[in-house]
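In: Test case, fold it:
(one chain, ligands or ions: 2)
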Amino acid sequence: MDIRLGNGFDVHAFGAGDHVILCGVKIPHDHGLVGHSDADVGLHTVTDAIYGALAQGDIGQHFPPSDPQWKGMSSDVFLRHAVELTAEMGFSISNVDCTLICEFPKIGPHSDAMRAGMAAIMGLDVARVSVKATTSEKLGFTGRGEGIACIATAALVKP
Ligand SMILES: Nc1ccn([C@@H]2O[C@H](COP(=O)(O)O)[C@@H](O)[C@H]2O)c(=O)n1
Ligand SMILES: C[C@@]1(CO)OP(=O)(O)OP(=O)(O)OC[C@H]1O
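Out: Ligands and ions are numbered 1, 2, ... in the order given. Modelled structure (predicted):
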């Protein structure tokens with residue numbers, strides 16, 4: 001069996017707005033997130049973890065921030081592409097784990113919806129999709145509430 005692991009890391013800054021979209025879930029908030037797309041830092045990170053496992057570059061190479069066609073794009077489009085590429089290369093996604101790093105919003109009340117939505121996109125049982133969260137104890141840019149960071153790991157298998 002061929003087993004591949006990939007990691008992802010992404011950051012988006014807070015800006016004006018009244019909600020954020022994280023791992024596909026819209027959460028009311030006193031700021032939005034700034035990005036070329038919908039700035040879903042969670043989906044971007046999981047997408048990059050899958051690209052990493054496949055050694056197929058990163059999200060910006062597949063969907064350049066300079067390309068106007070991705071302006072405001074819903075980030076499930078990016079994850080769906082990584083899932084298609086996984087199948088084309090003969091792999092299956094075994095499991096995904098991601099950690100959102102922010103003081104606010106609180107992720108816990110939304111984590112099951114995030115897991116269910118990402119599992120549906122990836123065609124996985126929800127038990128194979130993990131969403132965790134941590135503060136950075138008020139330290140650094142996430143601690144000051146300047147933005148949200150996310151890290152993710154994806155495991156892919158080819159029988
Ligand atoms: N944005 C966040 C941050 C944290 N949580 C939950 O709180 C727990 C404690 O966080 P610490 O940073 O103090 O370790 C954490 O384990 C998460 O369950 C959250 O839901 N949303
Ligand atoms: C998602 C893309 C799409 O153009 O843009 P952003 O929403 O700015 O997100 P980022 O993670 O900064 O860069 C990756 C880009 O592919």
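
In: drop to CA atoms for contacts and neighbour counts, all remaining ones
Out: Fine.

In: Around ligand 2, pick out the residues from this protein.
Out: By the rule Cα under 6 Å from any ligand atom, the part of the chain lying against ligand 2 is 10, 35-39, 44, 59-60, 63-65, 70.

In: can you do 5 Å?
Out: When proximity is defined by Cα under 5 Å from any ligand atom, the chain lies next to ligand 2 at 35-37, 39, 59-60, 63-65.

In: Could you look up the SS state of residue 50?
Out: At residue 50 the chain is in helix, as set by DSSP: H, G, I helix; E, B strand; the rest coil.

In: so how far is residue 36 from it?
Out: 21 Å (Cα to Cα, to the nearest Å).

In: Over to residue 9?
Out: 17 Å.

In: More neighbours: those two, which one.
Out: Counting neighbours by other Cα atoms under 10 Å for residue 9 and for residue 36 shows that residue 9 has the greater number, 20 against 15.

In: Surely that one touches residue 48?
Out: Yes. Judged on Cα atoms under 8 Å, residue 9 makes contact with residue 48 at a distance of 7.5 Å.

In: Can you show me the helices along the chain?
Out: With DSSP state H, the ranges of helices along the chain come out as 41-54, 59-62, 76-88, 111-122, 140-143.
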